[in-house]
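Chemist: next come a sequence and a model predicted from it.
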Amino acid sequence: MNRTNSNGKHTIAGDAREMIARAQEENIATVWDRLREQEPQCGYCAMGVSCRNCAMGPCRVDPFGEGPRKGVCGATADTIVARNLGRAIAAGASAHSDHGRDILETFAALAEGKTSGYRITDAEKLKALARERGIATDSRPIEDVARDLAAALFEEFGTRKESLDFLARVPAKRREVWRKLGITPRGIDRENVEMLHRTHMGVDNDYANILLHALRTSLSDGWGGSMIATELSDVMFGTPKPVLSRVNLGTLRADSVNIALHGHNPMLSDVIVQAAQDPELVRMAKEAGAAGINLVGLCCTGNELLMRRGVPMAGNHLMQELAIMTGALEAMVVDYQCIMPSVTEVAKCFHTQVISTFDKARFPGAIHVRFDPERGIETGKEIVRRGIEAFRNRNPQRVRIPAVPVPMMAGFSVEAILGALGGTPQPLVDAIAKGTIRGAVGIVGCNNPKIPQDYGHVALTRRLIENDILVLVTGCAAVANGKAGQMTPEAAEMAGPGLKAVCKSLGIPPVLHVGSCVDNSRILVLAAALANALGVDIDQLPLAGAAPEWYSEKAVSIGAYVVASGIFTVLGVEPPIFGSKKVVELLASGLEGVVGAKFAVEPDPEKAAALIRKHIEAKRAALGLPHIPPETIHAAETRLYAEAAD
Amino acid sequence: METAQTSAAERSTTLDSLKTVFVRPERCIGCRQCEFACALEHSESRDPARAPWESPAPRARIHVEAGFTMNSSFPNRCHHCDPAPCEQACPTAAIYRDRELGLVLVEPAKCIACAMCAMVCPFDVITFYPLAANGHARITAVKCDGCRDRVSRGEIPACAEACKVGALVYGELNEILRQERALESRVALAASGAALAELSRAPENVAGWRQWGNEASRMAGGLR
């Protein structure tokens, strides 16, 4: 295996660097080693011009235009690239939406009184969701309302509606854009199935038509599956409120039973939090020689728990292998999505027990404790018990906790943001109108070993807040910013004078944690609320999105629904579309005239910041607000990653 | 059996029409289909469904290596040099030149696996492992055989046939060079490490893909 001592280029995070060094010392393969082993990666696939949708193929089209220019069926590079992108979006939208359905099924079981460990935590939110759908709430038992709401939400997945109920939240002008284009999402499963149908050989061969349906599919995620996941998680586990917690591998404790909750779905992890407080289990942990039970989060399961319960966050996507390498992790409890199959291999080098919990997500080398909402709390206790048992196998000589935790604030649901503003978006609208805040940007998405870990997130965020742009973060981007110290109220000092003053008066950080990756739906809701407050469409607002280090199909879906909702989005990692000039042109420019927003690809966060600032100032100009001439904005000189890390 | 002493005069007729696999590194997109085709051609079954199950698994004699930046790669293979340093260095005359096709070949029975050939190879493309053709008896030098069997049948080498982007082109060397007169300077620049998007005659979209690799690599602290 070709391992080098180039870990300086792998990450900007000190805790990660120390663990990567350990991996090299102990010859444990990590994601960076495997990327290197894979290189060079296939250019046909990277450019999207390989197709294995049928058995006349597999085919590939020569992107240079001299070799084969069509697949066996006659599909051009444009058709093949669009089909592949459509399928990626369907996979991403399906992942979010199936997560949403799992939450909904538990919610429905809760309404029937069939669960253990779950309750309706935010009854007001439940009633508000019911009222949005015309479900009577007055003088009815809350369980009855919940049952009716569950039934209505199940219908969102079906095929018998003209449009999703959540579209009532969308500004009328935007709904009209979608209606005219024929991309109003009708049913969550329907759009995904239709995407797979269209990309079967001999169905939809028009790249633009395929991509329009891809946008519709993504909208069924953002305004459908993801939104259901967010809203029902709030109902069951509580709508997040600002909460101070800690982040990085230093959240692991040398003296405690450490259990990491990893994945995306808060259903089981939330009951594990309850189980870990069980006096009997705490006593058992002490008998095993531990000071207590310490739960930490990883990835978006971690974000869900951080947002609602202030559970400390061990790290984002590329920290999952490294968390095990502390030698201090008794159990890694995984649900689904973004959990590398490699974690069970790394765990073999330590005493860590990997525990899988969902029947749809099995991991060779893990033990499986099946999640069952009807015995949620019992399952949670069993998992904690296994963690305590693993503590007895810990080798204290192997423990290496590489950092002191950094404080970070989380918990900014739309309700919490509006709460901080005094109940209405008006103060934010006023601050944007005056120019104290230039605009707002959602920085979202993953880590990708092709980008120095966290550098894209942290550098872009920093440059934007310095220029008085409010930043909302979810997922891995939130963890990166937390670790960099950009998410405390004190971080207001890093912001430009306007944003700093607003943050100080409200006691909030300049970078707001709005949740997990399904919680990007909160960004949509907030954008819609701002547009409605101003009586404009979303694409007229000084907003942007960015996914500086994305890797997953879910991120492709997120990017697509953000753009389809009218928000300019900058991707740090190239999507697999470069094999088709027409697709590139459509996504990077043509879409602007169709949905009022487009994509850009820019790995350098300094240049991405300049693109976003220009866009925001141009939107301000168009709204007649005070603005900086966009052409006067230039990217700061590219700083090598090494300087940025210091 | 041909030996290292084959004179230039004896091969002059072959050299007049030297056919070779010419490498155009700026075209390589790293798909590694040449590696698969090469391993398949040198398998026992020559059947893509069965070859991966052979023991030992057949191996490629062309090697696609990553470049200094992301989204760049180079298909490295034997260039059948003349004079061939490997042939000159071989103490047992196991390496010889095939008179008919001008290919540098290995006679496994004579090879003592001393690796002198590998030490002097300018491209480091000689490898050592047991060959199925040699009864798996012992490790010997293994290198590109120019797909002698295929070429004898009038087919082109497997790697060039698999390459759909024109990174591996089979033909008469002077004819390829005549068609692509300007190419050689680019190749020289690429070899000197100056290969950047602007040197490539790639279409705009492919250039964009390369540029992302250059920029992302630079951002990650420079060349790998």
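Modeler: Ah, there it is. Residues are numbered from 1 along each chain as shown, chains lettered A, B, ... in the order given.
Chemist: okay, and the closest residue in space to A:Ser163 that isn't next to it in sequence sits in which element?
Modeler: Distances taken as CB to CB, 6 or more residues apart in numbering or on different chains put A:Thr184 closest to A:Ser163, at 4.8 Å, once the chain neighbours are dropped. To be clear about C-beta, it is placed using only N, CA and C from the backbone, and glycine gets the same treatment. In this assignment (DSSP states H and E), A:Thr184 forms part of neither any helix nor any strand.
Chemist: you'd agree A:Thr184 is up against A:Val170?
Modeler: No. Between A:Thr184 and A:Val170 there is no contact under CB atoms under 8 Å: 9.5 Å.
Chemist: related to what we said a few turns ago, the residue nearest to A:Ser163: what's it in contact with?
Modeler: Shown in contact with A:Thr184 (CB atoms under 8 Å, 6 or more residues apart in numbering or on different chains): A:Glu162, A:Ser163, A:Leu167, A:Arg175, A:Trp178, A:Arg216, A:Leu219.
Chemist: mark which of those residues are buried, thanks.
Modeler: Buried by 16 or more other CB atoms under 10 Å in any protein chain shown: A:Ser163, A:Leu167, A:Arg175, A:Trp178, A:Arg216, A:Leu219, out of the contacts of A:Thr184.
Chemist: so which of those residues belong to strands?
Modeler: Among the buried ones among the contacts of A:Thr184, DSSP state E puts none in strands.
Chemist: need the max-distance pair from those.
Modeler: A:Arg175 and A:Arg216 (12.9 Å; CB to CB).
Chemist: report the central residue of chain A.
Modeler: A:Cys517 (2.3 Å; CA atoms, centre = their mean).
Chemist: the contacts of A:Thr184 into JSON lines, with extra columns for distance to A:Ala531?
Modeler: What follows is these, written out as JSON lines (distance: CB to CB, whole Å):
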{"residue": "A:Glu162", "distance to A:Ala531": "22"}
{"residue": "A:Ser163", "distance to A:Ala531": "18"}
{"residue": "A:Leu167", "distance to A:Ala531": "14"}
{"residue": "A:Arg175", "distance to A:Ala531": "11"}
{"residue": "A:Trp178", "distance to A:Ala531": "14"}
{"residue": "A:Arg216", "distance to A:Ala531": "20"}
{"residue": "A:Leu219", "distance to A:Ala531": "16"}
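Chemist: please identify which of those residues is nearest to chain B.
Modeler: Nearest to chain B among the contacts of A:Thr184: A:Arg216, at 25.4 Å, using CB to the nearest CB.
Chemist: pull the contacting residues for the residue of the stretch 301-450 of chain A found nearest chain B.
Modeler: At 6.0 Å from chain B, A:Lys450 is the closest residue in the stretch 301-450 of chain A, using CB to the nearest CB. Shown in contact with A:Lys450 (CB under 8 Å, 6+ apart): A:Leu35, A:Val573, B:Met70, B:Ala216, B:Ala220.
Chemist: try A:Pro489
Modeler: The contact partners of A:Pro489, taken as CB under 8 Å, 6+ apart, are A:Met409, A:Cys503, A:Lys504, A:Gly507, A:Ile508, A:Pro509.
Chemist: ok, and the closest non-adjacent residue to the third one?
Modeler: Excluding its sequence neighbours, the residue lying closest to A:Lys504 (CB to CB, 6+ apart) is A:Ala492, at 5.2 Å.
Chemist: assumed the one you found was part of a strand.
Modeler: No. A:Ala492: not assigned to a strand; according to DSSP: H, G, I helix; E, B strand; the rest coil it is helix.
Chemist: in a helix, A:Val570, correct?
Modeler: No. Under the criterion used here (three-state DSSP), A:Val570 is strand, not part of a helix.
Chemist: can you verify my assumption that it contacts A:Leu611?
Modeler: Yes. With contact defined as CB under 8 Å, A:Val570 and A:Leu611 form a contacting pair (5.7 Å).
Chemist: neighbour-wise, which of the two wins?
Modeler: Neighbours per residue, other CB atoms under 10 Å in any protein chain shown: of A:Val570 and A:Leu611, the larger number sits with A:Val570, 25 against 19.
Chemist: okay, and the beta partners of the more buried one?
Modeler: The partner list for A:Val570 in beta bridges (DSSP bridges) reads A:Ala546, A:Ala600.
Chemist: any idea how far it is from A:Val441?
Modeler: A:Val570 sits 9 Å away from A:Val441, taking CB to CB, to the nearest Å as the criterion.
Chemist: now swap in B:Met119 and tell me
Modeler: For B:Met119, the distance to A:Val441 equals 57 Å [CB to CB].
Chemist: quick one: which of these two has more around it?
Modeler: A:Val441 (30 against 12).
Chemist: skipping adjacent residues, who's closest to that one in space?
Modeler: Nearest non-adjacent residue to A:Val441, counting by CB to CB, 6+ apart: A:Ala544, 4.7 Å away.
Chemist: now do the same contact list for the spatially most central residue of chain B.
Modeler: Central residue of chain B (CA atoms, centre = their mean): B:Arg77, 1.9 Å from the mean position. If a contact means CB under 8 Å, 6+ apart, then B:Arg77 has B:Val21, B:Val23, B:Arg61, B:Ile62, B:His63, B:Phe123, B:Val125, B:Cys144, B:Cys159 as its contacts.
Chemist: need these in TSV with pLDDT, distance to A:Asn265 and secondary structure, can you?
Modeler: Below are those laid out as TSV (pLDDT from 0 to 100; distance: CB to CB, whole Å; DSSP: H, G, I helix; E, B strand; the rest coil):
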residue	pLDDT	distance to A:Asn265	secondary structure
B:Val21	94	52	strand
B:Val23	93	50	strand
B:Arg61	96	48	coil
B:Ile62	97	46	coil
B:His63	95	44	strand
B:Phe123	95	52	coil
B:Val125	96	50	coil
B:Cys144	97	52	coil
B:Cys159	97	47	helix
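Chemist: and the closest residue to A:Thr121 other than its chain neighbours, how far from A:His513?
Modeler: Closest residue to A:Thr121 apart from its sequence neighbours, by CB to CB, 6+ apart: A:Gly238 at 4.3 Å. For A:Gly238, the distance to A:His513 equals 15 Å [CB to CB].
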